[in-house]
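**Q** kindly generate the corresponding structure for this input.
(one chain, ligands or ions: 1)
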Amino acid sequence: MTAPDSLDTLRDTLLAAERVVLTTHIRPDGDALGSEIAVARFLRALGKEVMILNADAEPRVLSWLADEQPKGLVQVYQEGNLKQAKAVAEADVVLVLDTGQLHRVGAPANLLKGSTATSMLLDHHPGPEDGFDITCVDTNSAATGELVYDLIAGHDPSLVDAAIATALYTAIVTDTGSFRYSATTPRTHRIIADVLARGGITPEPIHIAVYDGRSREGLRLLARALDTIATHYAGRLASMHVTQAMLRETGAYFDETEGLIQYALALDGVIAAVIGLETPSGIKLSFRSKGDCPINAWAAKFGGGGHTNASGAYVTGKPLHHVMKEVVDKAPRHVAVVPGADEGEASEDDIAKLAALFNQKP
Ligand SMILES: [Mn+2]
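**A** Numbers count the residues shown, from 1 in each chain. Down below sits the predicted model:
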């Protein structure tokens, strides 16, 4: 892998550009969308032409954030849309945020591949692809939003207005699990303090918008999903799942599965949790852990990856119960086996729950 470029190099290139296209990963989350919007508003304030072009629309819990933006700033890629193709063709810079893997950009990546623009990456995930002209990755940042703050504040902190502050707060609060994940640092809180002060905003409306907008269908799904929680390895690992039938029967949207895994992780004694979400084309896996319990290598066994405490993977061609059994069987040793403990210590209760889980028809 080539040496990473500095944020200064990335900023100088952005400042020299006149037309910029921003993009991020499929199914953009709060950090992805918030980071894009903050960069876009910053560049617009400097008189540049900016378009955000994403493979997918934002999840419904973030529609308020997209709706607050000037018309046309946030666009969902459409095959054959000339305006979008023109924006990419004429762009001086294409900046990818919050993912270092071009295949995770989705459909817009095809436009980018044919573009002569300088391609840049600003991200906090490990292991970016080699293909970017400028790669700025800091895995010590809890969110891409922290890097975007440095990008903007390093040029002119007075440009952090209410709109940019709202976008950055959303990016950072969502990626840190409301400032609780282990990646959260004093720097995270200093950035948030400055963002609140400069933007003249308060946290509560953002928390309400992001976390207190659940539907009855979503709560019904939560109840069903809680019932699937099983523990393994003497209660150190919790697994849960959501089937297509559960979505159908509760009427919940797929994006209402977001955050369900936290309930499995919230169980006393659990150090790692995994959720399997059945989609029409495969099984989406999310892995989470508490403290010093890396789970990204575990996710990598299933073709995924991510951070030490939060990773994901996507498995195709196998039914849900099959995938879940494999995931539990391949749990890392620090989850499956406690040093010095008897390896065969799964309780009767664990075995019964495991059996119930695996006998369930997907
Ligand atoms: Mn992120």
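**Q** determine the longest helix present in the protein.
**A** Longest helix in the chain, counting residues (DSSP state H): helix 30-45.
**Q** what packs against that one?
**A** Packed against helix 30-45 by the contact rule (3 or more C-beta pairs under 8 Å, 6 or more residues apart in numbering; DSSP states H and E) you find strand 19-23, strand 49-54, helix 63-67, strand 74-76, strand 93-97, helix 144-153, helix 162-175. The C-beta positions use only the backbone N, C-alpha and C, and glycine is treated the same way.
**Q** ok, the residue in the chain that the ion sits nearest to - contacts?
**A** In the chain, the residue found nearest to the ion is residue 31; the distance is 3.4 Å by C-beta to the ion. Taking C-beta atoms under 8 Å, 6 or more residues apart in numbering, we find residue 31 in contact with 98, 143, 144, 145, 171, 172, 174, 175.
**Q** which stretches of the protein aren't confidently modelled?
**A** 1-3, 338-362 (pLDDT under 70).
**Q** per-domain residue ranges of it.
**A** 7-211, 216-359 (automatic domain parsing).
**Q** so of these, which one's packed in deepest?
**A** Mean neighbours per residue, mean count of other C-beta atoms under 10 Å, is largest over the domains of the chain for domain 7-211, with a mean of 19.
**Q** how far is that one from where the chain is centred?
**A** Put simply, domain 7-211 sits 12 Å off its chain's centre (C-alpha atoms, centre = their mean, to the nearest Å).
**Q** just the terminal-to-terminal distance for it.
**A** Distance between the two ends of domain 7-211: 32 Å, counting by C-alpha to C-alpha, to the nearest Å.
**Q** contacts only, for the spatially closest residue to residue 318 that is not a sequence neighbour.
**A** In space, and not counting its chain neighbours, residue 318 is closest to residue 283: 6.9 Å by C-beta to C-beta, 6 or more residues apart in numbering. Contacts for residue 283 (C-beta under 8 Å, 6+ apart) come out as 276, 277, 314, 315, 316, 318, 320, 323.
**Q** so the nearest residue to the last one once chain neighbours are set aside, which state does it fall into?
**A** What that stands for is residue 323. Closest residue to residue 323 apart from its sequence neighbours, by C-beta to C-beta, 6+ apart: residue 283 at 4.5 Å. Each residue gets one of three states, and residue 283 gets strand by DSSP: H, G, I helix; E, B strand; the rest coil.
**Q** who's residue 283 bridged to?
**A** In this structure, residue 283 bridges to residue 278, residue 315 when assessed by DSSP bridges.
**Q** circling back to that earlier point, greatest separation within the contacts of residue 31: which pair is it?
**A** Using C-beta to C-beta, the contacts of residue 31 span at most 12.1 Å, a distance reached by 98 and 172.
**Q** the stretch 201-350 of the chain: helices as residue ranges?
**A** 203-211, 216-226, 244-250, 261-265, 296-300, 320-329, 333-336, 348-359 (DSSP state H, counting those that start in this stretch).
**Q** then the second one to CSV, C-alphas only?
**A** This means helix 216-226. Extracted in CSV, the C-alpha atoms of helix 216-226 (Å, rounded to 0.1, in the frame of the first residue of the first chain):
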residue,chain,number,x,y,z
ARG,A,216,-44.9,1.0,15.5
GLU,A,217,-43.8,-1.6,12.9
GLY,A,218,-40.2,-1.0,13.8
LEU,A,219,-40.9,-1.5,17.5
ARG,A,220,-42.8,-4.7,16.6
LEU,A,221,-39.8,-5.9,14.7
LEU,A,222,-37.6,-5.1,17.7
ALA,A,223,-39.8,-7.3,19.9
ARG,A,224,-39.5,-10.2,17.4
ALA,A,225,-35.8,-9.7,17.0
LEU,A,226,-35.2,-9.7,20.8
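**Q** who's in contact with it?
**A** Under C-beta under 8 Å, 6+ apart, the answer for helix 216-226 is 240-242, 246-247, 249-253, 256-257, 260, 263, 275.
**Q** and the first one, by the same measure?
**A** For helix 203-211, the external contacting residues (C-beta under 8 Å, 6+ apart) are 30, 61, 62, 64, 65, 166, 169, 170, 173, 174, 178, 196.
**Q** pick out the most distant pair among the residues you listed.
**A** 61 and 196 (20.9 Å).
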